[in-house]
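> would you be able to build a 3D model of this:
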Amino acid sequence: MTIRETMELLERTNLSPYATLSENSRGRDREEAQCDIRPVFQRDRDRILHCKSFRRLMHKTQVFLAPKGDHYRTRLTHTLEVSQNARTIAKALRLNEDLVEAIALGHDLGHTPFGHAGEHVLNEICEDGFKHNEQSVRVVEKLEKDGAGLNLTWEVRDGILNHQTSLMPATLEGKVVRLSDKIAYINHDIDDAIRARVLREEDIPMEYREVLGNTTRNRLNTFIHNIITNSQGKNDICMSQEVAHAMQGLRGFMFKSVYTNPVAKGEEKRAMELVERLFYYYMEHIEKLPEHYYKMLGEGEKKERVVCDYIAGMTDQYAIAKFEEIFVPKAWQVNK
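Next up, the predicted model:
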């Protein structure tokens, strides 16, 4: 018996009857030999962690565009907080922690530079639209490894695709990540907004603080305990009605007070114009794309989809650098 087979036996013995077992995965699009040490979801987690798209998240906006401070969240730290929340819940419910972590680490790989502002622009100007969850799946299926993709299991890709509020994953592990994403961004966005002096703790309506708590720590504790308590012994992941209502209200408050706040979002319009101009430039000068993107055109990919792929993969600073390279005049120099 290999180490992997021993670990799969431990899953059968120890995990909840509602957990997704590694040995029962629907598999990968391309068959490959099993690892002798790692079950399939652990292997997927490792592939995501080591891919280039994951590393680029450290230089992509979460909420505050290019903030001057070392402690504001980036898309990478958001991803890590989602993963930690999800693993805590999964472990308590005896779900598959490897699957939860793989989905959490991969859920935002397709995010654009400048956060949802970049996503909004590409969705408006691309004929087929643009959604970051769909792009995240495209990253792991097509764009990573110079077109080979990461060849992840069906369950991980399903969780990545369906992590948004309007969608629902097929596994309980995916449902854990779906809620953990909301818990993470509501709480850390409040923390960052307070740090940026856009918001004060006492600005949060008392009706939500009374239910959820008066600090980020207390709110996280409330959310996680509530999900665990209300999901134990069930083939579902859920909250109490009171906490779910408070979370929805707090999310609405954040959209009104932070996500559309002119102070917090003061540079967003210019960032959106930057993304738009880059899109139209590369549509008109498609030969300027890097070679591995350009060759996708010969494989039947639409031009605007490939341009979206390239722009969506940019970090904030790389997008700014490309904009300056293309559109900002340079000082005249004499070669000596």
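
> so Glu299, which state does it fall into?
coil (DSSP: H, G, I helix; E, B strand; the rest coil).

> now for it, how many residues are close by?
A total of 9 residues lie near Glu299 under the criterion other Cβ atoms under 10 Å. For every residue, glycine as well, the C-beta is placed using N, CA and C.

> name the nearest residue to it, sequence neighbours excluded.
Leaving aside its chain neighbours, Glu299 sits nearest to Gly147 (7.8 Å; criterion: Cβ to Cβ, 6 or more residues apart in numbering).

> next, the buried residues of the strand or helix carrying Met254.
According to DSSP states H and E, Met254 maps onto helix 241-254. Of the residues in helix 241-254, those buried under the neighbour-count criterion (16 or more other Cβ atoms under 10 Å) are 243-244, 246-247, 249-251, 253-254.

> and stretch 255-274, by the same measure?
The neighbour-count criterion (16+ other Cβ under 10 Å) identifies 257-259, 261, 264-265, 268, 271-272, 274 as the buried residues of stretch 255-274.

> next, the distance between the ends of it.
24 Å (Cα to Cα, to the nearest Å).

> what lies in contact with it?
Stretch 255-274 is contacted from outside by 63-66, 113-114, 117-118, 120-121, 189-190, 193, 196, 198-199, 203, 319-320, 323, using Cβ atoms under 8 Å, 6 or more residues apart in numbering.

> which residues of this protein score low on pLDDT?
66-67, 264, 332-336 (pLDDT under 70).

> quick check: domain ranges of it?
With domains defined by automatic domain parsing, the chain comprises 3-259, 268-327.

> Leu105 against Ile48, yeah?
Yes - distance between Leu105 and Ile48: 4.7 Å, which falls inside the contact criterion (Cβ atoms under 8 Å).

> shared neighbours of these two, anything?
If you check Leu105 and Ile48 against Cβ under 8 Å, 6+ apart, the residues they both contact are Phe54.

> and after the helix or strand Asp98 falls within, which helix or strand comes next?
Take DSSP H and E as the rule and Asp98 turns out to sit in helix 97-106. On the C-terminal side of helix 97-106, the closest following helix or strand by DSSP H and E is helix 115-125.

> so which elements touch that following helix?
The contact analysis (3 or more Cβ pairs under 8 Å, 6 or more residues apart in numbering; DSSP states H and E) places helix 115-125 against helix 268-284, helix 303-312.

> repeat that for 6 Å
Applying 3 or more Cβ pairs under 6 Å, 6 or more residues apart in numbering; DSSP states H and E, one finds that helix 115-125 makes contact with helix 268-284.

> what angle do the helix it packs on and helix 303-312 make?
Regarding helix 268-284 and helix 303-312, their directions subtend 130 degrees when assessed with axes from the mean of the first three to the mean of the last three Cα atoms, to 10 degrees.

> just the domains of the chain: most buried one?
Among the domains of the chain, domain 3-259 has the highest mean neighbour count (mean count of other Cβ atoms under 10 Å), at a mean of 19.

> now that domain, how far from the centre of its chain.
A distance of 6 Å separates the centroid of the chain from that of domain 3-259, by Cα atoms, centre = their mean, to the nearest Å.

> gap between the two ends of that domain?
The first-to-last residue distance of domain 3-259 comes to 47 Å (Cα to Cα).

> try stretch 141-155
For stretch 141-155, by Cα to Cα, the gap between its terminal residues amounts to 13 Å.

> give me the contacts around it.
20, 25-26, 28, 30, 40, 44, 47, 51, 99, 140, 171, 292, 309 (Cβ atoms under 6 Å, 6 or more residues apart in numbering).

> what's the answer for stretch 27-38, then?
Under the criterion Cβ under 6 Å, 6+ apart, residues 2-4, 43, 151, 153 lie in contact with stretch 27-38.

> just flag the most distant two among those.
Ile3 and Asn151 (21.5 Å; Cβ to Cβ).

> need phi/psi at Thr74.
Backbone geometry at Thr74, expressed as degrees, to the nearest 10, gives phi -110, psi 180.

> and it, what does it touch?
Remark: with contacts taken as Cβ under 6 Å, 6+ apart, Thr74 is in contact with 58, 62.

> ok, now Gln62?
Contacts for Gln62 (Cβ under 6 Å, 6+ apart) come out as 73-75, 78.

> at 10 Å instead, please
Counting by Cβ atoms under 10 Å, 6 or more residues apart in numbering, Gln62 touches 72-79, 81, 108, 111, 115-116, 184-185, 188-189, 192.

> for Leu80, see how far away it is.
In this view, Gln62 and Leu80 are 11 Å apart by Cβ to Cβ, to the nearest Å.
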